[in-house]
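[1] got a sequence here, can you build the structure:
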Amino acid sequence: MTPVEIIKQLMRNGVMANINQLVAYDIAATVVADFGLHPVRRAERRPTTGPAAPGQPQEDTSLLELRPPVVTILGHVDHGKTTLLDAIRQTNVAASEVGGITQRIGAYQVEYKGQKITFLDTPGHEAFTAMRARGAQVTDIAVLVTAADDGVMPQTVEALNHAKAAKVPIIVAINKVDLPGADPERVKRQLSEHDLIVEEWGGDVIAVEVSAKQRLGIDELLENILVVAEVAELKANPNRSARGVVIEARLDKNRGPVATALIQNGTIKIGDTVVVGRASGRVRALFNDMGQRVKQAGPSIPVELLGLDLLPEAGDTLEVVADDRAAKELASQREQQQAQARTRAVSLEEVYTRIQAGEMKELNLVVKTDFQGSIDAVREALEHLASPRTRVHIIHVASGSITESDVLLAIASKAIILGFYSKPEPGARRLAETSGVDIRYYDIIYRLVEDVQKALAGLLVPEEKEVIEGHAEVRVIFSVGKTGKVAGVLVRDGKLARSSWIRVMRGGKSLHEGHVSSLKHLKNDVREMAAGFECGVVVDGFTDFKEGDLLEAFQKEKVSV
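    All right, here's what the predicted structure looks like:
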């Protein structure tokens, strides 16, 4: 039927709907019956694991079959993640296939005792969380690698917190146990300090001692992965249209857009029409993790896919549709959803409203401090906060500047970032601005605690919020009179305005904040200078400029609840 005929029939039934409007099943069934046809509810579908996604009904459990687990390996740099992956691959392939191991498609499968396991070869927990930030939950099990001679390092803690936030089972692989300085017990003790208690200490986390170089403990690790997978009862329906997630994508000069996808449900075949994020197309070719052409791929199988019209992004959802028209419509809808998703981040001002509406029971926080010694003080102060309606959940706390990884974690976990004498790196600030992540800065601990407490109690008053306008680098210093100093600067991004506040930064730390008292280009007074131009700046109350200092221009705006 044409859309016009359907809209007319809806109007006859008292429903005023446009062509893009969703219609309830009962109404749609009535309209179908009016045309003399028998209405049948469309086959239900859902994601591969856990409860159904919002808006998708549960799939018939009788159609589900066991599928291989999908495993991500996380951990500190140089603790042997790549070596462990290589050891697993080389242990589980025939000698004749070793040459194919170098085929990198971001994911691969191994077989152990007749059962398959899929490993995601992601570059780190940032990529793992970036996919979560885009709504893709692809991992069933996280393997946390830590070196027995090095112990738990800051990046180990960060990876651990990312895995916890994803709410996936964690298996600890204590690597390098063959080295003279290895002390696995120290590692277990350090992990317990971060609420990760291993089984032999009365906890529920499996810890396996391995040596990736010596190929020790690999079988035990794979055995435990299969045990955890068996307990989780991972299932999918292979006999339906495919649905999956993009692991990575690249533009090949000969083959065009190439996407590596992990199929989560259903089976994808050559010739299928697919939508991948905003991209769409017809599947021209499929390649497995060994670089071999395949005709189809089922649940938990990674494949390279050719035939898309655009380059998708990691975390984009892949879905097989009926035809090209349906593909274009779905791609358009996803573009609109992505635009809306950028505005879904939580701000501290919104917390009370959402608590009152019953939408929020837990306030997620990512906390960064200037020094390691400040961490315990800030954590202890926040963990004692509570209200009858909600509690504080610190997802990640560490020392140092606020990084892109912190912002990605905040996006994925709907968290607020609190910086105690800690400022964001330029890339992190840009990402936070585009994604709507709320970053709060504090230099007095009671103000930080007070703001969170007020938000939980619904008493947050209007406050000043910083809006970053631009950055300039000090290139030369001029003396004016006996005591005056003018900073000759190059505006690197944004702008410097006569009305701006200036924060003088040196080595990532803030030295001073003050108003611009003078702004000149050559000998002329100017109101503002744009990126790429040089100018002279005088800052109220500060003369101790040094070459290389960074001047951060910002405005203070009142924000009301």
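[2] mind showing which ranges of the protein have poor pLDDT?
    42-60, 91-106, 121-136, 334-361, 386-389, 457-464, 483, 558-561 (pLDDT under 70).
[3] and the helices in it, which stretches?
    3-12, 25-34, 81-91, 125-133, 154-166, 184-192, 218-232, 324-341, 348-356, 372-383, 404-413, 426-435, 445-457 (DSSP state H).
[4] now the fifth one: how far from the chain's centre is it?
    To tie it back to what came earlier, the one meant is helix 154-166. 12 Å (Cα atoms, centre = their mean, to the nearest Å).
[5] quick check: buried residues in it?
    Using 16 or more other Cβ atoms under 10 Å as the burial criterion, the residues of helix 154-166 that qualify are 155, 156, 157, 158, 159, 160, 161, 162, 163, 164, 165, 166. Where you see a C-beta, it was placed from the backbone N, CA and C, and this is true even at glycine.
[6] show me what that helix is packed against.
    strand 70-75, helix 125-133, strand 141-147, strand 170-175, strand 391-399, helix 404-413 (3 or more Cβ pairs under 8 Å, 6 or more residues apart in numbering; DSSP states H and E).
[7] closest to residue 446 out of these?
    strand 391-399 (15.6 Å; Cβ to Cβ).
[8] who's in contact with that closest one?
    With Cβ atoms under 8 Å, 6 or more residues apart in numbering as the test, strand 391-399 has contacts from 154, 157-158, 161-162, 164-165, 361-372, 374-375, 378-379, 382-383, 385-386, 406, 409, 413, 415, 422, 452, 456.
[9] is it true that residue 249 touches residue 310?
    No - counting by Cβ atoms under 8 Å, residue 249 does not reach residue 310; the two are 9.6 Å apart.
[10] more neighbours, these two?
    Just comparing residue 249 and residue 310: by other Cβ atoms under 10 Å the higher neighbour count belongs to residue 249, 23 against 17.
[11] correct me, but residue 197 touches residue 206?
    No - using Cβ under 8 Å, residue 197 is not in contact with residue 206; the gap is 11.1 Å.
[12] of those two, who's got more company?
    residue 206 (22 against 15).
[13] these two touch, right, the more buried one and residue 200?
    No - shown here, residue 206 and residue 200 do not form a contact pair, counting by Cβ under 8 Å, at 9.8 Å.
[14] and the contacts of strand 391-399, which are buried?
    The buried subset of the contacts of strand 391-399 (16+ other Cβ under 10 Å) comprises 157-158, 161-162, 164-165, 363-370, 374-375, 378-379, 382, 385, 406, 409, 413, 415, 422, 452, 456.
[15] distance from the chain centre to stretch 74-88, please.
    For stretch 74-88, the distance to the chain centre is 21 Å (Cα atoms, centre = their mean).
[16] what's next to it, contact-wise?
    Against stretch 74-88 from outside (Cβ under 8 Å, 6+ apart): 73, 101, 110, 119, 121, 124-125, 128, 142-147, 150, 153-156, 159-160, 162-163, 173, 175-176, 210, 212-213, 215, 218, 221-222.
[17] hang on, the earlier thing: list just the nearest of the buried residues of helix 154-166 to residue 554.
    Nearest member of the buried residues of helix 154-166 to residue 554, counting by Cβ to Cβ, is residue 158, at 27.9 Å.
[18] render the CA-only coordinates of the lengthiest strand in the chain in CSV, please.
    In the chain, assigned by DSSP state E, the strand with the most residues is strand 463-480. What follows is strand 463-480, C-alpha atoms only, in CSV (Å, rounded to 0.1, in the frame of the first residue of the first chain):
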residue,chain,number,x,y,z
GLU,A,463,27.0,28.7,40.2
GLU,A,464,29.6,30.0,37.9
LYS,A,465,30.7,27.8,35.0
GLU,A,466,33.8,28.2,33.0
VAL,A,467,33.5,28.5,29.2
ILE,A,468,36.9,28.1,27.5
GLU,A,469,37.4,30.6,24.7
GLY,A,470,40.9,29.8,23.5
HIS,A,471,44.6,29.2,24.2
ALA,A,472,47.8,31.2,23.5
GLU,A,473,51.4,30.3,23.9
VAL,A,474,53.9,32.8,25.3
ARG,A,475,56.7,33.3,22.7
VAL,A,476,58.5,36.3,24.1
ILE,A,477,58.4,38.7,27.1
PHE,A,478,58.6,42.5,26.9
SER,A,479,59.4,44.8,29.9
VAL,A,480,57.3,47.9,30.2
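[19] adjacent strands (with direction) for it?
    strand 484-497 (antiparallel), strand 550-559 (antiparallel) (DSSP bridges).
[20] what residues does that strand touch?
    426, 429, 433, 441, 451, 485-497, 500, 531, 534-538, 545-559.
[21] now the buried members of those residues.
    429, 441, 451, 486-491, 494-497, 500, 535-538, 545, 549-554.
[22] quick one on the thing from earlier: can you put the buried residues of helix 154-166 in JSON lines and add distance to residue 400?
    Output for the buried residues of helix 154-166, formatted as JSON lines (distance: Cβ to Cβ, whole Å):
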{"residue": "155", "distance to residue 400": "11"}
{"residue": "156", "distance to residue 400": "15"}
{"residue": "157", "distance to residue 400": "12"}
{"residue": "158", "distance to residue 400": "10"}
{"residue": "159", "distance to residue 400": "15"}
{"residue": "160", "distance to residue 400": "16"}
{"residue": "161", "distance to residue 400": "14"}
{"residue": "162", "distance to residue 400": "16"}
{"residue": "163", "distance to residue 400": "20"}
{"residue": "164", "distance to residue 400": "20"}
{"residue": "165", "distance to residue 400": "19"}
{"residue": "166", "distance to residue 400": "22"}
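[23] and of those residues, the nearest to residue 4?
    residue 166 (46.7 Å).
[24] one step back: just the helices of the chain: most buried one?
    Most buried of the helices of the chain by mean neighbour count (mean count of other Cβ atoms under 10 Å) is helix 404-413; its value is a mean of 26.
[25] relative to the whole chain's centre, how far out is it?
    For helix 404-413, the distance to the chain centre is 6 Å (Cα atoms, centre = their mean).
[26] and if you look at stretch 475-482?
    46 Å.
[27] try stretch 308-319
    For stretch 308-319, the distance to the chain centre is 16 Å (Cα atoms, centre = their mean).
[28] check stretch 479-488 too.
    The answer for stretch 479-488 is 46 Å, by Cα atoms, centre = their mean.
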